[in-house]
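A.B. asks: For reference, the sequence and a predicted model appear below.
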Amino acid sequence: MAGKRDIVRRIRAVRSIQQMTKAMKMIAAASLRRSQAKVIAARPYARSLQDMLLRLVGTDANLKHPLAELRPVKRTAYVVITGDRGMAGSYNVNVIRLASAALRQSENDTVLIPVGRKGRDFFRRRGYAFAHEIVGLGEEPGFGQAKQLAQTLMTMFLNQEVDEVRLIYTEFISALQQRPADVQLLPITPVRGKDDLRGAGAPPQEAEGGGQPTAPVEYIYEPSAEAVLSSLLPKFVEVQVYRTILEAKASEHGARMTAMGSATDNAADMIARLTLAYNQARQAGITREISEIVGGAEALGG
């Protein structure tokens, strides 16, 4: 009977854990829907802003800005974005592993800026010093928080405290797939892709349908291209930081939903195995009692 009581207690404990993981899965799924909607809404704006930047720097004018200044990299700032909580599978581990590899392989002096309690605690235990840290972003971070972080990063770059700023975060692909990424934020160096819009001075583009190539488009800026650039680049950095935080938060919710779903399924499997073991123990006990009764009856009859 003691064995059966232990099994019953384990079944109750696993069932309680299953209820908790199921509730966490539902909460993560609801948060994921909201975060995913924000990510989808932010991507077109960030892409349009980048296209505008490409058109501006593609003009014939010799435009320069301190945020786009290329100088020898002697010190690099790494912004590592993790979650404030665990229970998200390998989400935090993958980001921390990528950041640790980047810090080990860096040939320059490094400055660490953790965003999220998990990353901060990991690197603090290993003796890293932080130039700045942010924890408690919440389940739905706002643009104001991202703007504050972006202003800090731009100030460090403009004051030449660092020569390069890189973001290490998790790119959201789907609820079941997230990918750690290491991207450069500063200095701003737009890369032209085959789908990027081209500005004046760019090679002619082929017209649709195999027609004659179209001539480059000349843009007129008011009040001037330099003034537009000075207003555009800081906003571009703020939008990029905000989009990165949204991607990381959506990835965290997706990873937690997947992990809690797997934990709920594993708990159901464990309950099934424990129930089978309980039934086997109960059947063995009944068989033993019947055998004892039959043996006693035969002894009395003899």
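C.D. replies: Nice, thanks for sending it over. Numbering: from 1, shown residues only.
A.B. asks: does residue 172 belong to a helix or a strand, and which?
C.D. replies: Secondary structure assigned from DSSP states H and E places residue 172 in strand 164-174.
A.B. asks: Could you export that strand as CSV, CA atoms only?
C.D. replies: Only the C-alpha atoms of strand 164-174 are listed here, as CSV (Å, rounded to 0.1, in the frame of the first residue of the first chain):
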residue,chain,number,x,y,z
GLU,A,164,31.1,50.3,-32.8
VAL,A,165,27.8,49.1,-31.4
ARG,A,166,26.4,45.7,-32.1
LEU,A,167,23.0,44.1,-31.2
ILE,A,168,22.8,40.5,-30.1
TYR,A,169,19.2,39.4,-30.0
THR,A,170,16.8,36.7,-31.3
GLU,A,171,15.2,37.3,-34.6
PHE,A,172,11.5,36.2,-34.7
ILE,A,173,10.7,33.9,-37.7
SER,A,174,7.7,32.0,-36.4
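A.B. asks: helices or strands up against that strand?
C.D. replies: strand 75-81, helix 91-105, helix 143-158, strand 177-186, helix 225-301 (3 or more Cβ pairs under 8 Å, 6 or more residues apart in numbering; DSSP states H and E). For glycine as for every other residue, the C-beta is placed from the backbone atoms N, C-alpha and C.
A.B. asks: The third one vs helix 225-301, what angle?
C.D. replies: With axes from the mean of the first three to the mean of the last three Cα atoms, to 10 degrees as the criterion, the two stretches helix 143-158 and helix 225-301 enclose an angle of 120 degrees.
A.B. asks: now residue 179, nearest residue through space, not along the chain?
C.D. replies: Leaving aside its chain neighbours, residue 179 sits nearest to residue 171 (4.7 Å; criterion: Cβ to Cβ, 6 or more residues apart in numbering).
A.B. asks: Enumerate every residue touching the one you found.
C.D. replies: Contacts were defined as Cβ atoms under 8 Å, 6 or more residues apart in numbering; by that measure residue 171 touches 178-181, 247, 251.
A.B. asks: Kindly reformat the helices and strands packed on strand 164-174 as TSV containing mean neighbour count and mean pLDDT.
C.D. replies: TSV is the format used below for the helices and strands packed on strand 164-174 (neighbours: other Cβ atoms under 10 Å; pLDDT from 0 to 100):
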stretch	mean neighbour count	mean pLDDT
strand 75-81	23	93
helix 91-105	17	92
helix 143-158	18	91
strand 177-186	17	90
helix 225-301	17	86
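A.B. asks: Tell me how far residue 269 lies from residue 260.
C.D. replies: Counting by Cβ to Cβ, to the nearest Å, the separation of residue 269 from residue 260 is 15 Å.
A.B. asks: I misspoke; the intended subject was residue 137.
C.D. replies: 20 Å.
A.B. asks: now do residue 97
C.D. replies: 22 Å.
A.B. asks: if we can go back for a sec, looking at the helices and strands packed on strand 164-174, which is closest to residue 39?
C.D. replies: helix 225-301 (4.9 Å; Cβ to Cβ).
A.B. asks: same for that closest one, what does it pack against?
C.D. replies: By 3+ Cβ pairs under 8 Å, 6+ apart, helix 225-301 packs against helix 2-57, strand 75-81, helix 91-105, helix 143-158, strand 164-174, strand 177-186.
A.B. asks: Any idea which of these gets closest to residue 264?
C.D. replies: helix 2-57 (4.7 Å).
A.B. asks: Which other helices and strands does the closest one contact?
C.D. replies: helix 225-301.
A.B. asks: Please repeat the previous calculation with a cut-off of 10 Å.
C.D. replies: Using 3 or more Cβ pairs under 10 Å, 6 or more residues apart in numbering; DSSP states H and E as the contact test, the elements touching helix 2-57 are strand 164-174, helix 225-301.
A.B. asks: Format those as TSV; extra columns: distance to residue 38.
C.D. replies: Below are the helices and strands packed on helix 2-57 laid out as TSV (distance: least, Cβ to Cβ, whole Å):
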stretch	distance to residue 38
strand 164-174	10
helix 225-301	5
